[in-house]
Each structure stands twice: as C-alpha cells, then as structure tokens.
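Peer 1: next comes the sequence, and after it the predicted model I'd like to discuss.
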Amino acid sequence: MKTGALLSTAIVALLLPILPGTPAGAIQRTWVASTGGGAACTRAAPCATFQAAHDATDAGGEINCVDPADYGRIDITKSITIDCTGTYAAISASGGLTSVFVDAAGAVVALRGLSIDGLGAGNIGVAMVNGAALHSESCRISNHRGGLGIGVRVVSPSGVTGKVYISDTVIAENGLPASGGGIVLRPTGTGVVRAVMNRVLVHDNTYGIFADGMGGTGLVIMQIRDSQSAGNAFNGISAFTSGSTALTSVTVDRSASTLNAGIGVLAQGTRAFVLLSDSTVLSNTTGLSAVGGGTILTCQNNHRTGNIGDGAATAPLSVN
C-alpha cells in the first residue's frame, strides 16, 4: 500500500505541469534586453519585447529591463508591473497605434522608468479602458499626434472605478490641432475615475489636463499637487461637464497653470468644480474662467494676475 501511494504521488507531480489551467512557463519576474530573443524571458534568456515578456509573466508579476532599448508597444490584460528604473527603456508606437493599452477588469498596472513615445503619429500613450488602478512613476509620455492624440487616457466603463496615480512624470507634445492633449479622464455610463497627480509636468500639448464628465453620469475626481501645466495650445487645467452628466471636481494645490494659449483654469457646466489653493495661474490668455454654471473656489492664497485677462473665481473660501 505504501509503495502504491508513493507511485500515485509521483504520477500527480509529473502531470501537474500539463494539467489544464496551468500556464506553461509563466513566471513571476521576466526580463527584456536589446539582444534578447528567447521565449523564456528569464534573466539568462531575456525576451526582445514587452509583449513577449507580458505573455510569459504571471498575473501580478514584474518585467525588468537589462538595458535601454525600444521594446515595442504592449497590450496589457492582467495585473503587471513594468519597472525599468535605471535603464529608462522605451515603448514606441506610431502609425495611429496606442503605446500601452490596458483592458483588464480589476487589474493593477504600474509603469516605472519608461519613455513612451508616439513618434509624432501614435494614437495614445497610455490608455486604460478597464482596470482597477494605473500607476505612472518617473516616466515620459510624449509625441502622440495621430488618432486621438492623447498622452494618458482613462475611460472607466459603467460600474467600474478606475484609479490613476501619476508622479514624477513628464507628459509633453501630445494632441491634434484642435483636440486631444496631455491627460484626459472620461468615464462612461456610471463609471468613476479618481486621479492623483504629484510632481507632474504637462507641457506643450493641445489641451493640458482635462477632466471630462460628458461621457457618463458617474464621477471624475482629480487632485493635482506640486505640478505644472504649461505652454499648451488651449487650456491648462479643465473641469468640463453639464447638469446631467458626471460630477467633475478638480483640486489644484501648490501647482501652476502658466503660458497656456487658452484658459489657465476652466470650470464649465453646473456640475464642474475647481478648488485652487497655494497655486499660480499666470501668463495665460485668460486666467480663470467659470462658465455654464461651473464653479471655481479659491482659498485666496493664490497668484492669479499677469494673464491677458485674469478672470475671477466664482467664490472665495475662508480659511480657519
């Protein structure tokens, strides 16, 4: 009996790697390299592209870079981290393609130390159409001027709350002649987008930072701190909605909207709110604009003169 039990255990151990539902070769940490070409994506035999490494990595795993190179665009369908801190590897996608496309219910995706470049014709730098959270840390997202022409776009569907965390990141030179731009948050249906930005520079896009509630009836909540939106062709920071669409709220703290050819800070629509605190709105065509029932609240400790037209906050807030 004992011998039979040992044989059964041995047979099960041999069969486990080929049982249905067990991904062949999936590992927790994979690698890419400029000289890569392996299928295993291990440190000893790295892959040549982020897509190959993604497909070989367990959900919740991590991709690392051996050296700087362009590792190609990627479709993300599970929780994953791409961390190339110290090597600053690249993702590029021209011809109207999206550089990083995230479509994975409940997924948490982190991007670190990457140059994400549309080469002047890419569609979107980082697009999340479904997912729990998107992190961008120490990245540069630029030159997406084809398709929709957007640096970062988050579109949460009905019933989904998508969280966005962007820090120490530059988002530059994205957009079409009259649309698109740096950051666009636009949930659909009852979807919700909650975003936090720290130490982010958004410059020389068509629009800068755009919280757009017109696509649904949920929420867009954005907090911007220690950041700057500058030199954009239209507005620097916008909260845009209407009376029947998503409530859209933007808090701007210790930040700046400057040198924009349009409006420095816009609140448009009866469910659009912007709160300014310790911030600078300077050298724009118009400083502050609250239209269509939009509301701009200021703690009165802001610098908002020196625009062609300074505009005014809807209401001041008293500070205790």
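Peer 2: It's in.

Peer 1: each with direction, which strands does the host helix or strand of residue 221 pair with?
Peer 2: In this assignment (DSSP states H and E), residue 221 forms part of strand 219-225. Using DSSP bridges, the strands paired with strand 219-225 are strand 192-203 (parallel), strand 247-253 (parallel).

Peer 1: among these, which is the most enclosed?
Peer 2: Across the strands paired with strand 219-225, averaging neighbours per residue (mean count of other CB atoms under 10 Å) puts strand 247-253 on top, at a mean of 23. Bear in mind the C-beta positions are built from the backbone N, C-alpha and C, glycine included.

Peer 1: dump that strand to CSV, restricted to CA.
Peer 2: Output in CSV follows, covering the C-alpha atoms of strand 247-253 (Å, rounded to 0.1, in the frame of the first residue of the first chain):
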residue,chain,number,x,y,z
LEU,A,247,-19.9,65.4,-11.4
THR,A,248,-16.4,66.7,-12.1
SER,A,249,-14.2,68.0,-9.4
VAL,A,250,-10.5,69.1,-9.6
THR,A,251,-8.4,70.2,-6.6
VAL,A,252,-5.2,72.2,-7.5
ASP,A,253,-2.8,72.6,-4.6
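
Peer 1: could you say what helices and strands whichever helix or strand comes after that strand packs with?
Peer 2: Scanning forward in sequence from strand 247-253 by DSSP H and E, the next helix or strand is strand 256-258. Strand 256-258 makes packing contacts with strand 228-230, strand 263-268, strand 280-282 when contacts are defined by 3 or more CB pairs under 8 Å, 6 or more residues apart in numbering; DSSP states H and E.

Peer 1: which residues touch strand 256-258?
Peer 2: By CB atoms under 8 Å, 6 or more residues apart in numbering, the surrounding residues in contact with strand 256-258 are 208, 227-231, 236-237, 264-265, 279-284.

Peer 1: list just the nearest of these to residue 106.
Peer 2: Distance to residue 106 across the contacts of strand 256-258 (CB to CB) is lowest for residue 227, with 28.3 Å.

Peer 1: thought the closest one was touching residue 199?
Peer 2: Yes: using CB atoms under 8 Å, residue 227 makes contact with residue 199 at a distance of 6.3 Å.

Peer 1: quick one on the thing from earlier: neighbouring contacts of the strand holding residue 221?
Peer 2: Here strand 219-225 has contacts from 185-187, 192-198, 200, 209, 211-213, 237, 239, 241, 246-255, using CB under 8 Å, 6+ apart.
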